[in-house]
Structures are given as C-alpha cells and as structure tokens.
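Q: pasting the structure only:
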Ligand code: AMP
C-alpha cells in the first residue's frame, strides 16, 4: 500500500508547483538519447497543467560536481520537452536566485518552467538547508516524481519538504506500488533474478530477497564469488575475494532458495573474439574466465521463470555488452517477457536488454530507477518518499 499523499489529494489550481523530476537522461552533443525518463514524467506534468497549476520542474543531470558545466545543462532537455507538450516551456539559467525567481514569478497557470541543473550546486547533494529553502521558495507546493533519485536525501528530494508540503507524483507512486507489492505481498511463486558484476553491491538485496522470494536466481560475475566460496576453481574469472566470507554465510543460510548456474560460457581472453567453450561449473582451466551463463542454465532459469507468478529481475547474466556473451542475458529477457507472471525489471543493463530485444511491452513494469529499485528490493525506505506527507 502506498500511504503517502499524491497529486490527486491536493488542490493545485492557481498554485505554483515545484516538481522534482528525473531528467537525468543520456545527452550527447546536446541531443537527448533515451527519453524514457522524460516521457515517464508526462502524466504528472500534464495532470498538474490540466488542474490549473503553473509547473516548475527541477532535476539533476549527470555529475557536474557542484560546478556550472554547460555539457550538463538541462536546456536541451527543456527544448526536447517542448516537443512533447502543448504548454509553453520556459527555461531558467539557474535553479535558484534571480534567474529562477524572476522566471517563477512570471510563470502563469498552464505553463512550464524548467530550472537549470540542481547539481551545479554542491549544496544539492549535501542537502544544504539554505539551498533547499531557496528552491522551495519558488513555489507553493512540492511534488516528488523522481523515483530514480528518491533513494538520495538531497536538497531537491528531501530538503525542500522542510519548507513546503510535499506529495508524490504518478510515476513515483507507480514505481513504489509495483516494487513494494512485489516484495511485500507477492503472488507466488516469487522468483527474483540477480546479476551483474559484484555481489558487494547486492548483499543486502540478496539477503532480503532470500526472506521474501521462493527462488533467487544468480547470474553474471556475482555467481563466481559464490562458486569460489564453494571451493570451485575460477581461474581468471572476476571474483570478489573480499566478499568470500559473506558469500559463504549467504550459502549456508540460503538452503535451496539460492540457485546458481549449472554451466557457464568460458573464454580464453576478455574479448568478443575469444575462443569460447560451454562447460560445467568447476571446470575453468588456467588462463580462462567465465563470461556468461551456459545453455543448460538458460533452460533451467527459463523453466523457473515460466512457473513464477511474480518475477523481479535486476542485472545482466554475463558480459552482455559483447555479443558472444549476451546469450544468457537475452535468454532471461525472453523468458521474463514470455512468462505470464507480474514482471518487474530494474537496473540500466537489464532494462537495455529487454528494450533491445523489442520485448519491453511484454513486461509489467520497467523501473526508471536502478539504484532506487535495488534499495526497494533491499527493503529500505527511500528518504525522498519518507519525506512526503502521509495520507
Ligand atoms: P552491475 O553494475 O553490478 O549490475 O554489473 C554490470 C556489469 O557486469 C556489466 O557491465 C557486465 O559486463 C558485467 N558482468 C556480468 N557478468 C560478468 C562476468 N561473468 N564477468 C565479468 N563481468 C561481468
């Protein structure tokens, strides 16, 4: 259950509403790449405009490290937004102070103002009260619709709520509802699939999901650390030696819920043109490394996914950036898309895999936030959500 107020619960007519969106989109030479996050914010923006609000949008973009850096300007994003909405989109060259204050004061109901990158100020990530107060002073009300940054207590996600009442936008609400109901009240069997390079980033997630899910399928470099913890030879595979004790602990506690690959694709070098072989785990010769899950594993994981009623997937099964080691990741993507389960995908790599497969419309929910969705899977309350008004 989502127990925070949303934009449905407040009257915004004639009000200036500051909306924290996640416009952290890929930009190259001023051209917007994947626009999923911009489109994801449209339901909230359009609703507020229809209700007679003046909408002030703020966001970070990239990592300008607290300094003005034109390559991270939100201006091209504002121009892109103008193509997607019928309302007038204005742009302020600063997120606070005179440029923002003048533009916000002049903004009329039914219009949009995009503020410049909040991370041009180091105060944003430090959650500085003065910066948050100035940002909040631009508007009457605050809306958080930036799920991708809701796991950070920054000035524009948490600090502002100390100065203006905050409610959730539709995207934030939708993300939290899908992820929290999958984890807290899943239709069973509930199968979680975790991949990626390292287990250290996902220890909390694995532990929490072992309590909640019926099966946790492991792939990617992460699996190697578990294999080594079982005493198997990993040769030149990516292994996190510093996480071996944790891996042993998890294996001891996990019983048959934790499912590891039964076979793997190995390569004689870290290169798409490497000589490759499919072998049972434990047979990695000296000088070779594991770069993908094998076909028996794809089949096994596919079967478990097909039997599931809820599937959550985060992280690639191999080095999918190289086509010869992408079979595992694309195999899992297909299995998730083919299943009748409620399916939720988070994390940039898994989302990219499902989109490249052309199967994105076959999954229930694609999360716009990698880090934030992982923290939800870990059972952590996101500070940007906690700060909003209770229902
Ligand atoms: P993460 O950021 O932890 O989700 O990890 C994603 C990265 O893990 C991707 O760039 C993959 O190439 C990498 N990866 C997946 N499987 C392996 C593997 N077996 N060996 C090395 N890197 C891997």
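A: Thanks, I have it. Everything numeric in this text was worked out from a predicted model, so none of it was measured.
Q: excluding its backbone neighbours, what's nearest residue 78?
A: Leaving aside its sequence neighbours, residue 78 sits nearest to residue 114 (Cβ to Cβ, 6 or more residues apart in numbering; 3.8 Å). C-betas here are computed from N, CA, C, even on glycine.
Q: Tell me the pLDDT of the closest residue to the ligand within the chain.
A: Of all residues in the chain, residue 196 sits closest to the ligand, at 2.6 Å by Cβ to the nearest ligand atom. Looking at residue 196, its pLDDT stands at 95.
Q: excluding its backbone neighbours, what's nearest it?
A: residue 315 (3.4 Å).
Q: do the helix or strand residue 205 falls within and the ligand meet?
A: Secondary structure from DSSP states H and E places residue 205 in helix 203-212. No: judged by Cβ under 6 Å from any ligand atom, helix 203-212 makes no contact with the ligand; its nearest approach is 11.0 Å.
Q: buried residues in that helix?
A: For helix 203-212, the neighbour count (16 or more other Cβ atoms under 10 Å) marks 203, 205, 206, 207, 208, 209, 210, 212 as buried.
Q: What of stretch 43-52?
A: Those buried within stretch 43-52 under the rule 16+ other Cβ under 10 Å are 44, 45, 46, 47, 48, 49, 51.
Q: try stretch 291-306
A: 291, 292, 293, 294, 297, 298, 300, 301, 302, 304, 305.
Q: Repeat that for stretch 362-374.
A: For stretch 362-374, burial by neighbour count (16+ other Cβ under 10 Å) applies to 363, 365, 366, 367, 368, 369, 370, 371, 372, 373, 374.
Q: For the nearest residue to the first one once chain neighbours are set aside, give me phi and psi.
A: Which is residue 363. Once flanking residues are discounted, residue 363 sits nearest to residue 343: 4.4 Å by Cβ to Cβ, 6+ apart. Backbone torsions for residue 343, taken as degrees, to the nearest 10, come to phi -120, psi 130.
Q: what residues are up against residue 343?
A: 310, 311, 312, 313, 336, 337, 363, 364, 365 (Cβ atoms under 8 Å, 6 or more residues apart in numbering).
Q: Helix or strand: which one has the fifth one?
A: So the one you mean is residue 336. Per DSSP H and E, residue 336 falls inside helix 327-338.
Q: Check whether that helix comes near the ligand.
A: No: figure legend: helix 327-338 not in contact with the ligand (Cβ under 6 Å from any ligand atom); closest approach 8.1 Å.
Q: This protein: helices as residue ranges?
A: 36-50, 75-84, 97-106, 122-125, 129-136, 170-184, 203-212, 221-229, 244-254, 295-307, 327-338, 348-356, 370-377, 383-386 (DSSP state H).
Q: Which of those comes out lowest on mean pLDDT?
A: helix 348-356 (a mean of 89).
Q: Give me the domain ranges for the protein.
A: 7-173, 186-378 (automatic domain parsing).
Q: Which of the ones you listed sits closest to residue 389?
A: Each of the domains of the chain has some distance to residue 389 by Cβ to Cβ; the shortest is domain 7-173, at 5.5 Å.
Q: number of nearby residues for residue 241?
A: If you count neighbours by other Cβ atoms under 10 Å, residue 241 ends up with 8.
Q: again, but for residue 199
A: The number of residues packed around residue 199, counting by other Cβ under 10 Å, is 26.
Q: Can you report phi and psi for it?
A: phi -80, psi -20.
Q: isn't it right up against residue 243?
A: Yes: assessed by Cβ atoms under 8 Å, residue 199 is found in contact with residue 243 at 5.2 Å.
Q: Now list whatever residues contact both of those two.
A: With Cβ under 8 Å, 6+ apart as the test, residue 199 and residue 243 both reach residue 225.
Q: OK, contacts around residue 24?
A: Going by Cβ under 8 Å, 6+ apart, residue 24 touches 37, 59, 60, 61, 62, 148, 149.
Q: Mind doing that once more with 10 Å?
A: Each residue near residue 24 by Cβ atoms under 10 Å, 6 or more residues apart in numbering is listed here: 37, 59-63, 72, 74, 77, 117, 119, 146, 148-149, 368-369.
Q: Can you turn the buried part of these into a ChimeraX selection?
A: This is the ChimeraX syntax for the buried subset of those, where burial follows 16+ other Cβ under 10 Å:
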select :37,59,60,61,72,74,77,117,119,146,148,149,368,369
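Q: ends of stretch 186-204, how far apart?
A: Stretch 186-204 has an end-to-end distance of 19 Å (criterion: Cα to Cα, to the nearest Å).
Q: Flag every buried residue along that stretch.
A: Buried-residue list, stretch 186-204, by 16+ other Cβ under 10 Å: 186, 189-199, 202-203.
Q: mind checking how far that stretch is from the chain centre?
A: 14 Å (Cα atoms, centre = their mean, to the nearest Å).
Q: Stretch 85-104 too?
A: Worked out by Cα atoms, centre = their mean, stretch 85-104 lies 28 Å from the chain centre.
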